[in-house]
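1. Structure, please.
(one chain, ligands or ions: 1)
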Amino acid sequence: MNLSSTDSSNNPENPINYASPCEKKKSDCLKVIQTILDGEASEEQQKHFEAHIVECLSCCEQFKLDQTIKVALQTKICKREVPEDLVHVIKLKIDQLW
Ligand SMILES: [Zn+2]
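-> A predicted model of the protein is given here:
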């Protein structure tokens, strides 16, 4: 017998690994995060990623972190400098959203 794609009951690679589903493809996830934050992701990409971060804590954390940095940078461009406090407040607000 060879490897069968129809038999999923004995699949050694469980597609759902709650610890970190994207461990092997983390760099791909990072690219998607950047694309989304740049506002260049397609609706499909966004939906797929939103579904992914529900299960992938590492991507969820990464997304929040990158989003915080992006917001902080934008604020820094528009206004002058971002106090440490503001970054902290933004992080808390993002945490509340999730
Ligand atoms: Zn992930």
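2. where do the helices sit along the protein?
-> Listed in chain order, the helices found in the chain under DSSP state H are 26-37, 43-55, 57-78, 84-97.
3. Among these, which comes closest to the ion?
-> helix 57-78 (3.1 Å; Cβ to the ion). All C-beta spots, glycine's among them, are computed from the backbone N, C-alpha and C.
4. Any chance of JSON lines for the helices of the chain, columns mean pLDDT?
-> Below are the helices of the chain laid out as JSON lines (pLDDT from 0 to 100):
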{"stretch": "helix 26-37", "mean pLDDT": "89"}
{"stretch": "helix 43-55", "mean pLDDT": "91"}
{"stretch": "helix 57-78", "mean pLDDT": "86"}
{"stretch": "helix 84-97", "mean pLDDT": "81"}
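5. Reformat these as TSV; add mean neighbour count.
-> Shown next, in TSV, are the helices of the chain (neighbours: other Cβ atoms under 10 Å):
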stretch	mean neighbour count
helix 26-37	15
helix 43-55	13
helix 57-78	15
helix 84-97	12
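6. interface residues of the chain facing the ion?
-> By Cβ under 5 Å from the ion, the residues of the chain that approach the ion are Cys22, Cys29, Cys56, Cys59.
7. hmm, 8 Å instead?
-> Residues of the chain lying close to the ion (Cβ under 8 Å from the ion) are 20-22, 25-26, 29, 52-53, 55-56, 58-60, 62.
8. Out of these, which two sit at the greatest distance?
-> Lys25 and Cys60 (15.4 Å; Cβ to Cβ).
9. mind listing what Ala41 touches?
-> Residues counted as contacts of Ala41 (Cβ atoms under 8 Å, 6 or more residues apart in numbering) are Val32, Thr35, Phe49.
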